[in-house]
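Q: just coords:
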């Protein structure tokens, strides 16, 4: 427990960010002082600065560099650089769950909508779960280590009002149910499709290794482009695809 007269000092720099990890229970209090080391350029990431088996309390005073914010998410206290990460609606995990459909998990505390550019880019990674409902957003950006898993529902990337807002998924896209529709230019590092459907009218480029199609369907009028060096495994069985395939 940090008392009212205590100060937790956190430094952030190119080598990483300081963190306090408690194996038992922790109670926040006193002052949090975060400094950014000279010459460091903030990255588009979030990071845990306090984690514990159980976390309670709050800092009475917080001193942060410009553009930074903090938030308690379950048993973690998270530092983020909003100036870099939130060019739209960003996942912050504020509800303490992994569900896309919990509004408090997003920076606006509202579910992403049709005109929103959506970002999932936690430094320590997260596996966001979409289990139901029908959702349309302009675009989606994920960073390495951040996974989107569909087991139900429907998610459409529309490209926004212009239809030109591109999506880039550097984290895994796992589809075990429901439907994922890309109607604008999209790049995906790795797709794991075992059920449900993947498709849309947009051109989707697979950029990484380890993608697989073990069940479900590929639908829509768009194209599936396999970039040089990418791999895609097709498991034995009968499946359907209406998409054009382009191997480069």
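A: Cool, the structure landed. Please read these numbers as outputs of a predicted model, since none were measured by experiment. Numbering: from 1, shown residues only.

Q: and residue 195, what does it touch?
A: Listed by Cβ atoms under 8 Å, 6 or more residues apart in numbering, the contact partners of residue 195 are 175, 176, 177, 215, 216. All C-beta atoms are positioned from the backbone trio N, CA, C, and that covers glycine.

Q: in its sheet, what does the host helix or strand of it sit against?
A: Secondary structure assigned from DSSP states H and E places residue 195 in strand 186-199. Paired neighbours of strand 186-199 in the sheet (DSSP bridges): strand 167-182 (parallel), strand 203-206 (parallel), strand 211-213 (parallel), strand 217-219 (parallel).

Q: mind putting those strands into JSON lines with distance to residue 239?
A: Below are those laid out as JSON lines (distance: least, Cβ to Cβ, whole Å):
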{"stretch": "strand 167-182", "distance to residue 239": "13"}
{"stretch": "strand 203-206", "distance to residue 239": "17"}
{"stretch": "strand 211-213", "distance to residue 239": "7"}
{"stretch": "strand 217-219", "distance to residue 239": "6"}
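
Q: mind checking those strands for the one nearest to residue 155?
A: strand 167-182 (5.5 Å; Cβ to Cβ).

Q: before we move on, the earlier item: of the strands paired with strand 186-199, which is nearest residue 77?
A: Checking the strands paired with strand 186-199 against residue 77 by Cβ to Cβ gives strand 167-182 as the closest, at 23.2 Å.

Q: what average pLDDT does the closest one get?
A: Throughout strand 167-182, pLDDT has a mean value of 97.

Q: still on that earlier bit, nearest to residue 115 among the contacts of residue 195?
A: For the contacts of residue 195, the nearest to residue 115 is residue 175 (24.4 Å; Cβ to Cβ).

Q: partner residues bridging that closest one?
A: The partner residues for residue 175, given DSSP bridges, come to residue 150, residue 193.

Q: what residues sit buried inside the helix or strand where residue 156 lies?
A: Element membership of residue 156, judged by DSSP H and E, is strand 146-157. Residues of strand 146-157 classed as buried by neighbour count (16 or more other Cβ atoms under 10 Å): 146, 147, 148, 149, 150, 153, 154, 155, 156, 157.

Q: low-scoring pLDDT stretches of this protein, where are they?
A: Residues of the chain meeting the criterion pLDDT under 70: 1, 43-45, 82-87.

Q: switch the cut-off to 50
A: 84-85 (pLDDT under 50).

Q: report the central residue of it.
A: The centroid of the chain falls nearest to residue 120 when counting by Cα atoms, centre = their mean (2.0 Å).

Q: hmm, residue 139 and it touching each other?
A: No: using Cβ atoms under 8 Å, residue 120 makes no contact with residue 139, being 11.8 Å away.

Q: how many residues are close by residue 132?
A: Summarising burial for residue 132: neighbours were counted as other Cβ atoms under 10 Å, giving 15.
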